[in-house]
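Q: Build me a structure from this.
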Amino acid sequence: MQHTENILLVDDNPVNNQLIATYLLPCGYTIQIAENGRDGLRLAKENKPDLILLDIMMPDMDGYEVCRLLRDNPVTADIPILFITADASPENHLRAFSIGGNDFITKPIYEMVLLARIDNLIKLYNSQKRVEKLNKYYELSQKISLTGYWSYKKLSGKESLFHCSQQLRNLLHLQDDQIALLTPENFLSLFIENCNDRERVSKSWIKAELEGCDFKELINCRICGEKKNIRLWAQFSEVNEVSSAFGSVQDVTGLMGIIYEEFRLANKLAYTDRYNSMVESGTQLAHELNQPLASIALNVNATKLFLENDSFDKEEFFEIIKDVESEVMRAKEVVERMRSVANRKPLQVEEFDIHDLIKRTSAIFTQDFNANNITLVENYTGDLCLISGDKDAVQQVMVNIIRNAYESLRESVQDRKTIVLSLLESSGMVSFSVVDNGPGISGVIKDTLFFPFVTTKSDNLGLGLAVCKSIVSRLGGKIEVLPVVKNAGVGFCVSLPKEYVAS
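A: Sure thing, here's the model as predicted:
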């Protein structure tokens, strides 16, 4: 998702500003930079950004003072503020929140963490705006819609007269003989008898009656055993020994339910987005790093055995070192690729040989295939086959699909375990497929394989194929499950255009 929000960065450190800009600009954010607090206050007032990134330690005016002045100004009071601090102490964090900060991030700043915090704050801010809009509708509804009205008049030494509309009679289930006995005091008691805030509301009513002023309250109560939110308004006066009162009653239970649901959904959305982002990125990263780290661990153990032997083959020892270096570089590439996916950066389109990419990708699993007696069958010629696209993204798809095949066979006890890699060219398209002869999958799961969190493995969250589908779709291709013999493995086919066309 490309963002369009405007972010104000207030920091006196040009290096830090440059770093943050490289994180935010590829995501579509517009950035303004202020190198001191006074310029930050001016830009915030003039442009009202969607979010402010505010450094704490600055000369002349620190971030705390800037935040306080922003909150005191009605124009900037509601702008979300994300503090940037090198001090992770609880005292500083508490101070940041107490003066109006919405969140904080500690240095050194990690790209994925910063983007997640910013996205979360902007979504919360937008949710609050929706709630404010609902509140305006609520205020307007009070002016044009009443559940019912009532009036009371009492002449000195004469009988009092209480009157209420039919809507109010229906709400309170009142009969004529009950209405005739009502006074303002026992009328109020119909609403506050089961109210937790009874004493305060009653005092407010008496004060309004004695001073001849308006009474306005939103009361949470029970009417005929049913929970209600009642907006009660009354106006009292006494002229020439005539006491009078009139007012309205509005049942806003439904409207308050909408407002509550909006708050609940906003909070749930913020929590779910942050949780899913953490789970998806963390799990996928662990998923990708597991292979090179396991290989490094095996090579380290082999190195220990060599060192325990007084006479060892130096050439073989250096081969192990080269393998470790290769796996370290592979782990680094995984991290960079994950950062690219998380940032949704534009695809890096280039021309490359897909035959060579398949060969290099399958070579990553050579040690694992040998250790688990898995035979790799390469069903393609190896001739040059050039396509345009994002080579790293295509390789990530290949790695995920080959790993799925490997994991389905790893625990299998069958005699011959085989994975077949195939490549097929057609008019304007190239398709590569991965087929294993493992235990297969059920038809029920097959229909949802590309959904997030769908998996046949108890130790996997099921994100690999969902990520593959997302990448292939961005490249203008498609991925599908191949029809194979029941209980005799599973296959996946990825079809990509030879010439990538941006959508």
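
Q: Could you pull up the mean pLDDT of stretch 374-394?
A: Model confidence over stretch 374-394 averages 85 on the pLDDT scale.

Q: Repeat that for stretch 489-497.
A: 89.

Q: any idea how far Met202 lies from Glu185?
A: To be clear, residue 202 is Ser; Met isn't right here. With distances taken as C-beta to C-beta, to the nearest Å, Ser202 is found 9 Å from Glu185. The way it works is simple: take the backbone N, C-alpha and C, and place the C-beta from them, glycine included.

Q: higher neighbour count, the two?
A: Under the criterion of other C-beta atoms under 10 Å, the comparison of Ser202 against Glu185 puts Ser202 first, with 15 against 11.

Q: pLDDT (mean, whole number) over the helix or strand in which the more buried one is found?
A: Assignment of secondary structure by DSSP states H and E places Ser202 within helix 198-211. Model confidence over helix 198-211, given as mean pLDDT, is 88.

Q: which of the residues in it are buried?
A: 198, 201, 205, 208-209 (16 or more other C-beta atoms under 10 Å).

Q: Go ahead and confirm Tyr406 touches Ile419.
A: Yes. Proximity of Tyr406 to Ile419 meets the contact threshold set by C-beta atoms under 8 Å, at 7.0 Å.

Q: any common contacting residues for the two?
A: Common neighbours of Tyr406 and Ile419 are listed as 369, 374, 436 (criterion: C-beta atoms under 8 Å, 6 or more residues apart in numbering).

Q: Give me the subset of those residues lying in strands.
A: Counted as lying in strands by DSSP state E, out of the shared contacts of Tyr406 and Ile419, are 374, 436.

Q: can you redo the shared contacts of Tyr406 and Ile419 as CSV with neighbour count and distance to Leu423?
A: Rendered in CSV, the data for these read as follows (neighbours: other C-beta atoms under 10 Å; distance: C-beta to C-beta, whole Å):
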residue, neighbour count, distance to Leu423
Phe369, 19, 19
Ile374, 21, 20
Asp436, 25, 17
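
Q: Between the shared contacts of Tyr406 and Ile419, which sits nearest Leu124?
A: Asp436 (45.1 Å; C-beta to C-beta).

Q: contacting residues for the closest one?
A: Asp436 neighbours (C-beta under 8 Å, 6+ apart): 405-406, 408-409, 417-420, 489-491.

Q: one more time with 7 Å
A: The neighbourhood of Asp436, defined by C-beta atoms under 7 Å, 6 or more residues apart in numbering, consists of 405, 408-409, 418-419, 489-490.

Q: Mind picking the lowest-pLDDT entry from these?
A: Pick the lowest pLDDT in those and you get Gly489, at 79.

Q: distance of that one from Gly247?
A: When C-beta to C-beta is applied, the distance between Gly489 and Gly247 equals 77 Å.

Q: again, but for Asp103
A: From Asp103 to Gly247 the distance is 44 Å (C-beta to C-beta).

Q: With neighbour numbers in mind, choose between those two.
A: Of the pair Asp103 and Gly247, Gly247 is the one with more neighbours under other C-beta under 10 Å, namely 21 against 17.

Q: Three-state assignment for the more buried one, please.
A: What DSSP: H, G, I helix; E, B strand; the rest coil gives for Gly247 is strand.

Q: Surely it and Gly148 touch.
A: No. With contact defined as C-beta atoms under 7 Å, Gly247 and Gly148 do not form a contacting pair (9.8 Å).

Q: Now do Leu293: how many residues are near it, please.
A: By other C-beta under 10 Å, neighbour count at Leu293 equals 16.

Q: what number of residues lie near the closest residue in space to Tyr380 that isn't next to it in sequence?
A: Distance criterion C-beta to C-beta, 6 or more residues apart in numbering; nearest residue to Tyr380, sequence neighbours excluded, is Leu423 at 3.8 Å. The local packing count at Leu423 equals 18, with neighbours defined by other C-beta under 10 Å.

Q: what are the pairing partners of the helix or strand harbouring Leu423, and which direction each?
A: Counting by DSSP H and E, the element that carries Leu423 is strand 417-426. Counting by DSSP bridges, the strands paired with strand 417-426 are strand 374-379 (parallel), strand 429-436 (antiparallel).

Q: right, and the ones you listed - which one's nearest Met57?
A: Smallest distance to Met57 across the strands paired with strand 417-426 (C-beta to C-beta): 52.9 Å, for strand 429-436.

Q: In this structure, where's the longest strand?
A: Using DSSP E to assign secondary structure, the strand with the most residues in the chain is strand 226-239.

Q: Tell me the strands beside it, with direction?
A: Note on strand 226-239: by DSSP bridges, its sheet partners are strand 214-223 (antiparallel), strand 242-251 (antiparallel).

Q: JSON lines for the ones you listed, including mean pLDDT and distance to Pro14?
A: As requested, the strands paired with strand 226-239 are exported to JSON lines (pLDDT from 0 to 100; distance: least, C-beta to C-beta, whole Å):
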{"stretch": "strand 214-223", "mean pLDDT": "86", "distance to Pro14": "52"}
{"stretch": "strand 242-251", "mean pLDDT": "85", "distance to Pro14": "57"}
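
Q: and those strands as a markdown table, adding distance to Glu351?
A: Putting the strands paired with strand 226-239 into a markdown table (distance: least, C-beta to C-beta, whole Å) gives the following:
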| stretch | distance to Glu351 |
| --- | --- |
| strand 214-223 | 67 |
| strand 242-251 | 68 |
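
Q: Pick the most deeply packed of those.
A: Ranked by average neighbour count under the criterion mean count of other C-beta atoms under 10 Å, the strands paired with strand 226-239 are headed by strand 242-251 at a mean of 18.
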